[in-house]
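S.K.: Structural data only, the sequence is not supplied:
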Ligand code: CA
């Protein structure tokens with residue numbers, strides 16, 4: 001049955017009914033290409049077209065779906081504003097204007113506060129833990145439940161890994177140094193900074209470098225060494241702080257119009273979901289490899305001043321982050337349900353990774 005499902009050529013359903021049962025079904029389902037139904041899909045994204053890492057990740061997913069389906073689904077990718085503005089893609093896919101969207105779920109907190117748990121949570125899950133929660137810890141089922149009222153099917157489509165703390169023109173030696181700090185940092189991390197006396201600023205990617213260089217902002221976070229090097233941020237700031245406490249393993253998403261998804265034969269549905277899983281793994285793998293190289297370049301060629309946040313600062317950032325995240329649970333029953341699953345998973349993952357990943361990395365370091 002499995003094999004037949006997998007081979008099963010689109011709506012050769014007619015052929016299946018006509019041939020009756022048994023082995024003949026399988027050969028009958030291997031319909032000639034011209035008999036297979038073709039699907040032409042559009043993917044709208046929150047990224048500029050071909051934007052390194054993020055836009056190219058969307059392109060990669062689209063290509064993978066076409067390749068794995070033997071051309072039975074073609075996906076045309078639209079950069080932000082090409083078909084709809086970046087922050088309207090959720091509604092556009094919900095309405096069926098496009099079949100797929102590629103973005104990050106924290107953009108949709110206006111639709112559902114719970115959505116924020118599926119992208120990045122300060123002091124939340126790293127990439128390995130996030131994937132474990134989504135694929136084997138109940139996270140994906142919750143995400144589906146959150147998006148169901150909008151007629152959308154979510155998938156994880158790329159993970160950045162632990163991001164960097166950011167680029168600073170002021171040293172951060174104590175909590176006092178966060179007071180009055182004007183920093184480009186979005187989302188929940190920005191709210192944490194605000195509560196500690198800083199001024200979070202929201203800026204599109206294209207304006208970050210000039211704002212940092214002109215002194216309009218004191219600091220910025222972006223992604224990790226690879227994306228930060230590409231932006232030339234080392235030319236505009238003195239200190240490069242780690243770790244990215246605010247985005248420990250950011251998941252980028254793909255979401256699919258549910259009617260369009262349901263109209264696909266089972267094998268193509270499996271291809272779309274499996275391609276997303278492959279893109280999720282590939283994005284993390286690519287960024288890890290490129291971050292390794294780029295960090296080396298930043299430190300050894302560009303002589304960047306790489307430094308950790310002081311322990312005291314991280315401890316307070318964590319205390320406030322836990323408060324901010326717990327408050328999401330108060331917003332509505334769905335947010336509470338997701339928060340409780342997320343938090344229970346994080347607690348267990350912390351205990352396990354204490355004796356696995358952390359113990360191993362410490363041992364390797366020594
Ligand atoms: Ca970031």
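M.R.: Looks like it came in fine. Not measured: the values here are computed from a predicted model.

S.K.: in the helix or strand hosting residue 207, what counts as buried?
M.R.: Counting by DSSP states H and E, the element that carries residue 207 is helix 205-214. By neighbour count on 16 or more other C-beta atoms under 10 Å, the buried set for helix 205-214 is 208, 209, 211, 212. In short, each C-beta sits where N, CA and C put it, glycine included.

S.K.: same check, this time on stretch 149-166
M.R.: Quick answer for stretch 149-166 (16+ other C-beta under 10 Å): 150-166.

S.K.: List of residues touching the helix or strand containing residue 358?
M.R.: In this structure, residue 358 sits in helix 357-365 according to DSSP H and E. With contacts defined as C-beta atoms under 8 Å, 6 or more residues apart in numbering, helix 357-365 is touched by residue 128.

S.K.: Quick one: mean pLDDT over it.
M.R.: Across helix 357-365, pLDDT averages out at 96.

S.K.: interface residues of the stretch 101-250 of the chain facing the ion?
M.R.: Residues of the stretch 101-250 of the chain lying close to the ion by C-beta under 5 Å from the ion are 163, 221, 247.

S.K.: ok, these vs residue 239, which is closest?
M.R.: Distance ranking of these against residue 239, using C-beta to C-beta, places residue 221 first at 12.7 Å.

S.K.: tally of neighbours for the closest one?
M.R.: Residue 221 is flanked by 26 other residues according to other C-beta atoms under 10 Å.

S.K.: Also the one 4 residues further on?
M.R.: Residue 225 sits with 27 neighbouring residues when counted by other C-beta under 10 Å.

S.K.: Am I right that it is in contact with residue 164?
M.R.: Yes - the criterion here is C-beta atoms under 8 Å, and residue 225 meets it with residue 164 at 6.7 Å.

S.K.: that older thread, may I see the residues of the stretch 101-250 of the chain next to the ion organised as CSV, with pLDDT, distance to residue 238 and secondary structure added?
M.R.: As requested, these are arranged in CSV below (pLDDT from 0 to 100; distance: C-beta to C-beta, whole Å; DSSP: H, G, I helix; E, B strand; the rest coil):
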residue, pLDDT, distance to residue 238, secondary structure
163, 98, 19, coil
221, 96, 15, coil
247, 98, 22, coil
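
S.K.: Pick the one among those closest to residue 309.
M.R.: The closest of those to residue 309 turns out to be residue 221 (C-beta to C-beta; 11.9 Å).

S.K.: so who does that closest one touch?
M.R.: 163, 164, 165, 166, 167, 183, 184, 185, 189, 244, 246, 247.

S.K.: how about these in CSV, adding secondary structure and distance to residue 136?
M.R.: Shown next, in CSV, are these (DSSP: H, G, I helix; E, B strand; the rest coil; distance: C-beta to C-beta, whole Å):
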residue, secondary structure, distance to residue 136
163, coil, 24
164, coil, 28
165, coil, 30
166, strand, 32
167, strand, 36
183, strand, 36
184, strand, 35
185, coil, 31
189, helix, 27
244, coil, 25
246, coil, 26
247, coil, 22
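
S.K.: Please consider this matter closed, and thank you.
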